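**Student:** Need a 3D model of the sequence below.
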Amino acid sequence: MKFVLLLVSLFFAACTSMNLVPEKPQVALKNVELGKVGLTDVELIAVLDVTNPNDYDLNLAAIDYQVDALGMTLGKGSSLEAIRLQPHMKQTVKLPLTLTTASAVKFGQAYYSPGQKQLPVSLQATVKVNSPVGPISLNFEDVKDLKEKKR
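**Tutor:** As a prediction, this is how the structure comes out:
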C-alpha cells in the first residue's frame, strides 16, 4: 500500500515539475455588448479576455457560465464549442446571455441612470480543459464595474 502511495505521489510531483498540470487560464470580463433584441427577450454578449499562462496549448472543451448584476441573473449557459488557447496568448471569447425583456429594461435603466454610480457585473464560470493528464475542471470568478470611468 505504501508503495502505491509513493508511486502516485511521484507521478503527481513529476506532472507538476514537468508542467503537465496546467496553470489556470486568466479570465477577465472585458465588456457586455447588446445582441439581438426581441419582444420577449434580449441577448447580451459577455466579452471575456482569456490568457493561457502555460508553455503549451490548452484545449477548452466547454464553458459553463453565469453572469449576475443588480441582484439578478442576467444569463447563464454552456458553450460546447471547443477553444484552443495558444501558449502565453490572450484571446477574446464571447458568450451569449439571454435576458427577459423586463430584466433587460431594469439593467438598461441602471446603466443609463446618472444616480447609479456603480454597476458591478459578476461572472462565474467553470471551464473544462483537456490537459496532458486528462480532463480538468477549473472555476473562475470576476467582477467588472460597467460604469467605471475609462482612464
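
**Student:** So for this structure, the centremost residue is which one?
**Tutor:** The centroid of the chain falls nearest to residue 125 when counting by Cα atoms, centre = their mean (4.6 Å).

**Student:** element containing that residue, please.
**Tutor:** Taking DSSP states H and E as the definition, one finds residue 125 inside strand 120-131.

**Student:** any idea of the mean pLDDT in that strand?
**Tutor:** If you average the pLDDT over strand 120-131, you get 86.

**Student:** For that strand, which residues meet the burial criterion?
**Tutor:** Of all the residues in strand 120-131, those buried under the rule 16 or more other Cβ atoms under 10 Å are 121, 123, 125, 127-131. (Glycine included, C-beta is placed from N, CA and C.)

**Student:** How about stretch 98-111?
**Tutor:** 98-99, 103-104, 106-107, 110.

**Student:** How about stretch 56-76?
**Tutor:** Applying 16+ other Cβ under 10 Å to stretch 56-76 flags 58, 60-69, 74-75 as buried.

**Student:** Redo the buried residues of strand 120-131 as JSON lines? Include distance to residue 80.
**Tutor:** Converted to JSON lines, the buried residues of strand 120-131 look like this (distance: Cβ to Cβ, whole Å):
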{"residue": "121", "distance to residue 80": "24"}
{"residue": "123", "distance to residue 80": "18"}
{"residue": "125", "distance to residue 80": "14"}
{"residue": "127", "distance to residue 80": "12"}
{"residue": "128", "distance to residue 80": "10"}
{"residue": "129", "distance to residue 80": "14"}
{"residue": "130", "distance to residue 80": "13"}
{"residue": "131", "distance to residue 80": "18"}
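
**Student:** Go through these and say which is closest to residue 52.
**Tutor:** Checking the buried residues of strand 120-131 against residue 52 with Cβ to Cβ, the nearest one is residue 129 at 9.9 Å.
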